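**Q** give me a 3D structure for the following:
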Amino acid sequence: MNQLTKAISFLLVLLMISCGGNTENTQEENTISSRDEIRLKQYMVQGAKIYSTYCANCHQDDGKGLAALYPPLAGSDYLMEDFARAACIIKNGQAKEIVVNGVAYSQLMPGNPITNLEVAEVLTYVTNSWGNEGGLMGVKDIDKWIDACEEE
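**A** Okay, the predicted model is just below:
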């Protein structure tokens, strides 16, 4: 009976070890996910402040734009189809005509005197507000995108 007890104990230990390995991976994935969720919330708060300062006068508080002068960001096909282009426009401005949701806009948009982190925050905000679902914009991506648009 002593050997039976040892065998059962050994099997229980193996079972606990094998389960423990999976739990660690799940906890690590959850930690990464929760870090991104926290960062997303932080970027949304900061992005809203930046948007209010630099963008809302033209694109309006509700992101719907201003008639035929300034394009909407809410539900904007142009914004959501190319985040790298959007980052470049936020940072450097836009002078050429664009078509947003089938409507042409030719009003000049000035560049904004903000950091790449602030570009990430405001881009995260506008791509996750008013029905848009763009996710978190990382600063590393913004850095690459801004470097690429400055070369053009």
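**Q** nearest residue to the residue nearest the centre of the chain other than its sequence neighbours?
**A** In the chain, the centroid-proximal residue (Cα atoms, centre = their mean) is residue 136; its distance is 2.1 Å. Sequence neighbours aside, residue 40 is the residue nearest to residue 136 in space, at 4.7 Å (criterion: Cβ to Cβ, 6 or more residues apart in numbering). Every residue, glycine included, has its C-beta placed from N, CA and C.
**Q** OK, contacts around that neighbour?
**A** 124, 128, 135-136 (Cβ atoms under 8 Å, 6 or more residues apart in numbering).
**Q** so which of these is surrounded by the most neighbours?
**A** Among the contacts of residue 40, the one with the most neighbours (other Cβ atoms under 10 Å) is residue 124, at 25 neighbours.
**Q** nearest residue to residue 138 in space, please, no chain neighbours.
**A** Counting by Cβ to Cβ, 6+ apart, the residue nearest residue 138 is residue 120, at 6.6 Å.
**Q** helix or strand for the one you found, which one?
**A** If you go by DSSP states H and E, residue 120 is part of helix 116-126.
**Q** can you pull the buried residues of that helix?
**A** Buried residues in helix 116-126, counting neighbours by 16 or more other Cβ atoms under 10 Å, are found at 116, 118-126.
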